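[1] below are the sequence and a predicted model; questions follow.
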Amino acid sequence: VQLQASGGGLVQSGGSLRLSCAAPGITLADYAIGWFHQAPGKEREAVACFSKGNGAKYVADRLRGRFAISRDSSKNTLYLQMNNLGPEDTAVYYCAADKDFCYLGMDYWGKGTQVTVSS
């Protein structure tokens with residue numbers, strides 16, 4: 001499983017970004033698939049995820065209302081819409097997939113994309 005995240009960059013506080021994760025060759029619904037981030041000096045955290053099969057969405061409590069996860073199965077692409085960004089959102093963002101569950105030990109990880117939010 002290959003995952004390629006893109007869409008990161010430098011944005012001012014209050015701005016928005018949409019991250020994309022291309023997942024060629026797989027059926028998205030066959031995997032738990034989602035986004036994680038790791039800020040400098042901190043542990044990796046779950047951001048948002050689709051459960052395998054029924055596609056139930058999980059979004060971290062503190063991000064709900066600003067971040068939204070979506071997917072386009074016809075394009076084999078996962079998205080993360082991030083609004084009203086603040087410096088605390090600065091991190092490397094990773095997409096990851098797992099054969100079973102959304103959790104920090106996902107089976108497959110893409111290279112991250114850096115998001116930097118200036119104050």
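    Happy to help now that I have it. None of the values given here were measured: they were computed from a predicted structure.

[2] tell me the contacts of the most centrally placed residue in the chain?
    Among the residues of the chain, the one closest to the centroid is W35, at 2.3 Å (CA atoms, centre = their mean). With contacts taken as CB atoms under 8 Å, 6 or more residues apart in numbering, W35 has the following neighbours: 19, 21, 46-49, 69, 78, 80, 93-96. Placement of C-beta: from N, CA and C, glycine included.

[3] take the residues you listed and write them to a markdown table, including pLDDT and distance to V11.
    As requested, those are arranged in a markdown table below (pLDDT from 0 to 100; distance: CB to CB, whole Å):
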| residue | pLDDT | distance to V11 |
| --- | --- | --- |
| L19 | 98 | 12 |
| C21 | 98 | 18 |
| A46 | 98 | 22 |
| V47 | 98 | 16 |
| A48 | 98 | 18 |
| C49 | 98 | 23 |
| I69 | 98 | 19 |
| L78 | 98 | 20 |
| L80 | 98 | 14 |
| Y93 | 98 | 13 |
| Y94 | 98 | 18 |
| C95 | 98 | 19 |
| A96 | 98 | 23 |
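
[4] among those, name the ones in helices.
    With helices defined by DSSP state H, no entry of the contacts of W35 lies inside them.

[5] buried subset of these as a PyMOL selection?
    Selecting only the buried entries of the contacts of W35 in PyMOL, with 16 or more other CB atoms under 10 Å as the criterion:
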select buried, resi 19+21+46+47+48+49+69+78+80+93+94+95+96
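
[6] looking at the contacts of W35, which is nearest A56?
    Set against A56, the nearest of the contacts of W35 by CB to CB is C49 (9.0 Å).

[7] that closest one: what's it in contact with?
    Shown in contact with C49 (CB under 8 Å, 6+ apart): 32-35, 57-58, 69, 102.

[8] coming back round to it: helix or strand for the residue nearest to the centre of the chain, which one?
    strand 32-38 (DSSP states H and E).

[9] that strand pairs with which strands, and in what direction?
    strand 45-50 (antiparallel), strand 91-98 (antiparallel) (DSSP bridges).

[10] would you turn those into TSV with distance to Q2?
    Compiled in TSV, the strands paired with strand 32-38 are given as follows (distance: least, CB to CB, whole Å):
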stretch	distance to Q2
strand 45-50	18
strand 91-98	10
